[in-house]
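A.B. asks: Sequence and predicted structure below; questions after.
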Amino acid sequence: MSAHFDVIIIGSGAGGGTLAYRLAPSGARILLLERGDYVPREKDNWSTRAVNVEGKYAAKETWRDSAGKELHPHTNYWVGGNTKFYGAALFRLRKEDFGELPHHGGVSPAWPIGYDELEPYYTEAEQLYQVHGERGVDPTDPPASADYKYPAVSHEPRIQQLSDDWARLGCKPFHVPLGIMLDERNRRESRCIRCDTCDGHPCLVSAKSDAQVVCVDPALQHPNVTLVTGAYVSRLETSPSGREVTTVHVERNGARERYRGDVVVVSCGAINSAALLLRSTNDRHPRGLANGSDVVGRNYMGHINSVLMALSKCPNPTVFQKTLGLNDFYFGSKEWPHPMGHISFVGKLDGVTLSAGAPAIAPGWTLEQMGKHSLDFWLTSEDLPDPDNRVTLDRDGRIVLSYRVNNEEGHQRLTDKLKSLMQQQSRCAVHGHECHQGLFSRNLFVGQRIPLAGVAHQNGTIRFGHDPRTSVLDPTCRAHEVDNLYVVDGSFFPSSGAVNPALTIMANALRVGDHILGRLGSRRSDAVAAAAMGAGV
Ligand SMILES: Cc1cc2nc3c(=O)[nH]c(=O)nc-3n(C[C@H](O)[C@H](O)[C@H](O)COP(=O)(O)OP(=O)(O)OC[C@H]3O[C@@H](n4cnc5c(N)ncnc54)[C@H](O)[C@@H]3O)c2cc1C
Ligand code: SF4
């Protein structure tokens, strides 16, 4: 294998996988380096015990928190990255998220690009990832240049009933945009079978629109694209000037390898990408590669998330639950003019999954019964960038994640809103208003929220911006200080909004891909012109 490539992409998830897809048809020699392997296709893909209790596919390494306590990060190292396990809720950020937005706990900063610049790429990413949705129902929906190509995924009866209840109360519930290959008009031929082990699980029948299925495998159909798995990138080396990355150092099967690329793109996920740059110190970059600003690793965000189970006396027989969303309180309410966030669902929880956490057991209920009777909500609020929330390395080079939650008031208010809505549900024919038993937290590790190890929505550690003193990347996601270094995973976010991040990462990877293609194209035409001049043409 040639050890010199036009482009080396490190990490094959939402960012790296999508970029590989974009660059593949160019004919450029592209190397995709991925520390993981392909997720094995086996029945355990759909076992809640194997996935949620035994953590069969989760990363095995440990990190530390700021107090030095070990944590087992809930993250996944495989071809396709975390998209192999995601719930495929593929949202655009709201148009307002790109501007400066005052919150109760501080200010969410503006992005260096506006929504309009990303809009065509959002449309393209939605089509590529086969997003099923509906426009114009969610009141916070940003403008879009095209309809969804695929119809929204229908609600099952219990979810439809809830949607009707919320509409009756004056809310605007909507169908969550989902990247699953479900054809409800032709269920017999549909690739997706609409099962209850989607969110958090790999799809055994390759019907989830993840980065491996949708981008990496099609990119590999091009002979100019090479994937090397099991390739842990340990360090990036620069030229003596420090202005370009010259060598990518890899550890694979116990051996060390080196690869050279004209353009190097880091896309290891926000925490691992920051760690890679911090590991890559040299004389020109003593604080870490591209880190003259001391911003690399800082401003880690991960959303304020809670899983809340609404228990009722009647069972909830829903199989695929993640179809309903509510953004009425995203920017605030009449009584409270600050952003609160987004309400939707996780995949249906069962007793086995509940046994893995520390749920508040409702009096008189078993975990098994709770799983059968709950509606399982996912609440997301925005956490604000704080330079002290950061990724650093300990003396052994291990990741340390320091995080103190901020902007909590909005999340509490969002929870209260949900409580109030659930108390106003229509009367159950069997149990009347006594049917609803209240809201119970899925997890009691940190208050009622997802604990620090839950880094699913990690972003923000290598932010982009105009000013090299306050950002690492320029608006094209190229490092201010290193001419051939780009970053395309979730680390470029200067703020995170309160919807799931993956579609924004995918859309941005397509956008950055166009910049890189322009760069490769102009280099090629320069070379052709130089050759022509040399030949005296
Ligand atoms: C259970 C779960 C559910 C989720 N649900 C949703 C959802 O419904 N909607 C949504 O928008 N988002 C969801 N997310 C989040 C979403 O998956 C991530 O935002 C997205 O995958 C991040 O993309 P990325 O490119 O930044 O990183 P990743 O997708 O994590 O990709 C990073 C890749 O880099 C590789 N890598 C890391 N370090 C190195 C190294 N040193 N050398 C080589 N390779 C390396 C990793 O193995 C990985 O393949 C979910 C996440 C999880 C875990
Ligand atoms: S079959 Fe459909 S619902 Fe089940 S895991 Fe695959 S994509 Fe998700």
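C.D. replies: Everything's here; your move. Ligands and ions are numbered 1, 2, ... in the order given.
A.B. asks: so which residue of the stretch 301-450 of the chain comes closest to ligand 1?
C.D. replies: Nearest residue of the stretch 301-450 of the chain to ligand 1: K322, at 7.4 Å (CB to the nearest ligand atom). Backbone N, C-alpha and C define where each C-beta goes, glycine included.
A.B. asks: Does that residue lie in a helix or a strand, and which?
C.D. replies: Under the criterion DSSP states H and E, no helix or strand holds K322.
A.B. asks: ok, now which ones touch it?
C.D. replies: By CB atoms under 8 Å, 6 or more residues apart in numbering, the residues touching K322 are G87, A89, V176, L178, C198, D199, S344, F345, V346, G347.
A.B. asks: Nearest residue to the residue nearest the centre of the chain in space, ignoring adjacent ones along the chain?
C.D. replies: By CA atoms, centre = their mean, the chain has its centre lying nearest to A502, at 3.8 Å. Excluding its sequence neighbours, the residue lying closest to A502 (CB to CB, 6 or more residues apart in numbering) is A14, at 4.8 Å.
A.B. asks: Surely that neighbour touches T83?
C.D. replies: Yes - the pair A14 / T83 is scored as a contact, 5.2 Å apart, by CB atoms under 8 Å.
A.B. asks: Overlap of the contact sets of the two?
C.D. replies: Among the neighbours of A14, those also in contact with T83 (CB under 8 Å, 6+ apart) are A211, A502.
A.B. asks: What does the closest residue to T197 other than its chain neighbours show for phi and psi?
C.D. replies: Excluding the flanking residues, the one nearest T197 by CB to CB, 6+ apart is W46, at 4.2 Å. With angles defined as degrees, to the nearest 10, W46 sits at phi -110, psi 20.
A.B. asks: Confirm for me that W46 is in contact with C198.
C.D. replies: No - using CB under 8 Å, W46 makes no contact with C198, being 9.1 Å away.
A.B. asks: The two: which is more packed in?
C.D. replies: Shown here are W46 and C198; by other CB atoms under 10 Å, C198 has more neighbours (26 against 17).
A.B. asks: could you say which helix or strand contains that one?
C.D. replies: Short version, using DSSP H and E: C198 is in no helix or strand.
A.B. asks: what sits against the nearest residue to it once chain neighbours are set aside?
C.D. replies: Setting aside the residues directly before and after it, C198 is nearest to G347 in space (CB to CB, 6+ apart), at 5.5 Å. By CB under 8 Å, 6+ apart, the contact list for G347 reads G87, D196, T197, C198, D199, G200, H201, F320, Q321, K322, D376.
A.B. asks: With T246 instead?
C.D. replies: Taking CB under 8 Å, 6+ apart, one finds E237, T238, S239, R260 in contact with T246.
A.B. asks: change it to 10 Å
C.D. replies: For T246, the contacting residues are L236, E237, T238, S239, P240, R258, R260, G261, D262, V264, N484, by CB atoms under 10 Å, 6 or more residues apart in numbering.
A.B. asks: part of a strand, is it?
C.D. replies: Yes - assessed with DSSP: H, G, I helix; E, B strand; the rest coil, T246 lies in a strand.
A.B. asks: And it, how close does it get to L485?
C.D. replies: Counting by CB to CB, to the nearest Å, the gap from T246 to L485 is 11 Å.
A.B. asks: shared neighbours of those two, anything?
C.D. replies: Listed contacts common to T246 and L485 are L236, T238, V264; contacts here mean CB under 10 Å, 6+ apart.
A.B. asks: Report how many residues lie close to H4.
C.D. replies: The number of residues packed near H4 is 11, by other CB under 10 Å.
A.B. asks: List the contacts of whichever residue of the stretch 301-450 of the chain sits closest to ligand 2.
C.D. replies: Of all residues in the stretch 301-450 of the chain, F320 sits closest to ligand 2, at 5.6 Å by CB to the nearest ligand atom. F320 is in contact with 153-156, 159, 178, 180, 182, 192-199, 345, 347-348, counting by CB under 10 Å, 6+ apart.
A.B. asks: same deal with I516?
C.D. replies: Taking CB under 10 Å, 6+ apart as the test, what I516 contacts is 6-7, 9, 19, 22-23, 26, 28, 263, 265, 476-478, 484, 486, 488.
A.B. asks: so which of those residues comes closest to ligand 1?
C.D. replies: Nearest to ligand 1 among the contacts of I516, counting by CB to the nearest ligand atom, is V488 at 7.1 Å.
A.B. asks: quick one: the closest one and V265 touch, right?
C.D. replies: Yes - counting by CB atoms under 10 Å, V265 is a contact partner of V488 at 5.8 Å.
A.B. asks: Against H436, how distant is the residue of the stretch 301-450 of the chain closest to ligand 1?
C.D. replies: For K322, the distance to H436 (CB to CB) stands at 21 Å.
A.B. asks: same thing with D183?
C.D. replies: Per CB to CB, D183 is found 35 Å from H436.
A.B. asks: Looking at these two, which one has more neighbours?
C.D. replies: Using other CB under 10 Å, the more surrounded residue of D183 and H436 is H436, with 19 against 15.
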